[in-house]
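# turn this into a structure:
(one chain, ligands or ions: 1)
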Amino acid sequence: MVLQMNKIEKRFGEVIVLKDFSLKVNEKEILCIIGPSGCGKSTMLNIVSGCLSPSKGNLVNKSKNISYVFQEDRLLSWKTVYENIYIVNKKASKEHMKLLIEQVGLTGFENYYPLKLSGGMRQRCAIARAFNYEADLLLMDEPFKSLDYNLRFSMIEHLLNLWEMKKNSIIFVTHEIDEALLLGDRILVLSNRPTKVIKEFEIKKLKRKRSLRDEILMRIRNEIVSCLVKQ
Ligand SMILES: Nc1ncnc2c1ncn2[C@@H]1O[C@H](COP(=O)(O)OP(=O)(O)OP(=O)(O)O)[C@@H](O)[C@H]1O
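Predicted coordinates for the structure are as follows:
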């Protein structure tokens, strides 16, 4: 176990966002979180990262380093692609940098500044930066939000390539069920506020059983949709 949230409550004044909120993140797993807009997914990531403190409950964090990819890329506009990635870990070897840049498909763009890149390229750079930070827990808050369908799928591939190199634990927040099904080892579906986990799906084992996979994944997809529309 890398992280455990036990009966967390988070209030902003009178508004209770999270209540009795518990979850566990295992080592080397990609945990996807899906939930209604405004239910508190970013709040939950901010508590995990230490940007916010919970009002009640406790957090057990066994990770040494946490990396955070936000909805927007937050690159330094005055630094090149290479520098943006390198700056978070100046011990990275040239070979490692080359591999990271290659895995996100930015070879040849090392000396470009963010303003000269498309949104997808900037987000790929932000993801390579997050992986260069050598974190054992990576938080991703709808990182592909602004991208079209094709780009999303190529980003998933890039992300899985990077994850294969590092095998860290990832909490990946998304509104896209297909994204969660392709990436996740487990998927948690959250309720409306006050927010709790209402459903959990184990996907990892399914990925090994190829013959059953598509049918069961479709069933899970439908169950997630019905959880979300009931709210
Ligand atoms: N610092 C804050 N002060 C007051 N209220 C806040 C603060 N941060 C978040 N909230 C409120 O908490 C609720 C949950 O916000 P949050 O951004 O965590 O939701 P979310 O599930 O990530 O939403 P989305 O899916 O739309 O990105 C919202 O109603 C928001 O207005």
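
# how about the secondary structure of residue 22?
With DSSP: H, G, I helix; E, B strand; the rest coil as the basis, the three-state label of residue 22 is strand.

# quick one: it from the ligand, how far?
When CB to the nearest ligand atom, to the nearest Å is the yardstick, residue 22 and the ligand sit 17 Å from each other. For every residue, glycine as well, the C-beta is placed using N, CA and C.

# that residue - how many residues pack around it?
13 (other CB atoms under 10 Å).

# how about residue 118?
For residue 118, the neighbour count with other CB under 10 Å is 10.

# the helix or strand in which residue 224 is found near the ligand anywhere?
Assignment of secondary structure by DSSP states H and E places residue 224 within helix 210-230. No - using CB under 6 Å from any ligand atom, helix 210-230 stays clear of the ligand, with a minimum separation of 11.6 Å.

# which strands or helices does that helix pack on?
Of the remaining helices and strands, those touching helix 210-230 by 3 or more CB pairs under 8 Å, 6 or more residues apart in numbering; DSSP states H and E are helix 177-183, strand 186-190, strand 197-202, helix 204-208.

# who touches it?
34-36, 177-178, 180-181, 187, 189, 198-199, 201, 203, 206-207 (CB atoms under 8 Å, 6 or more residues apart in numbering).

# next one: stretch 171-184
Looking at stretch 171-184 with CB under 8 Å, 6+ apart, the contacting residues turn out to be 3, 25, 30-34, 37, 41-42, 45, 48, 137-145, 152-153, 156, 159-160, 187, 201, 203, 217, 220-221, 224-225.

# could you turn the buried ones of those residues into a PyMOL selection?
Command for PyMOL, covering only those of these found buried under the criterion 16 or more other CB atoms under 10 Å:
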select buried, resi 3+25+30+31+32+33+34+41+42+45+48+137+138+139+140+141+142+143+144+145+152+156+159+187+201+203+217+220+221+224
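
# tell me which of the contacts of stretch 171-184 fall in helices.
Using DSSP state H, the members of those that fall within helices are 41-42, 45, 48, 152-153, 156, 159-160, 217, 220-221, 224-225.

# need those residues in TSV (columns: pLDDT).
Written out in TSV, the entries for the ones in helices among the contacts of stretch 171-184 read as follows (pLDDT from 0 to 100):
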residue	pLDDT
41	96
42	95
45	97
48	96
152	83
153	85
156	88
159	87
160	89
217	82
220	87
221	88
224	89
225	89
